[in-house]
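Participant: got a predicted structure here, sequence first:
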Amino acid sequence: MTLLTLNLSDLTFNRLKALAVAREVTIEALLLDHLNDFAGSQSTRRAIRQVRTGSLADLGWLDGYEGQAIDELLAFTGKEDTVVLLQT
């Protein structure tokens, strides 16, 4: 896992802390969950796709069927949108 250091304003930190308490999780768990959702979202995928050529498989996304075996496709479960997996 890669270490990420963030500089947050006191207000932002206090809001995150309050939300973490409300959800009964750590601030780190809260941030990881939301960063994972953001980094894996369809809008993020579209933005990356607009500037990147080649496969997105290294980011855990399929561009379509490229001859992968069933085991390779199933490896994307939980990383790729289920609809995309079924269409592939």
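Facilitator: Cool, the structure landed.

Participant: how confident was the prediction at the residue located most distally from the centre of the chain?
Facilitator: Most distant from the centre of the chain: residue 10, at 26.2 Å, with distances by Cα atoms, centre = their mean. Listed pLDDT for residue 10 reads 96.

Participant: that one and residue 22: what is the separation?
Facilitator: Distance, residue 10 to residue 22, using Cβ to Cβ, to the nearest Å: 19 Å. Using the backbone N, CA and C atoms, a C-beta is placed for each residue, glycine as well.

Participant: check residue 49 too.
Facilitator: In terms of Cβ to Cβ, residue 49 sits 35 Å off from residue 22.

Participant: settle it for me: which of the two has more neighbours?
Facilitator: A count of neighbours by other Cβ atoms under 10 Å puts residue 49 above the other of residue 49 and residue 22, at 12 against 9.

Participant: ok, that one - contacts?
Facilitator: When the contact criterion is Cβ atoms under 8 Å, 6 or more residues apart in numbering, the partners of residue 49 are residue 56.
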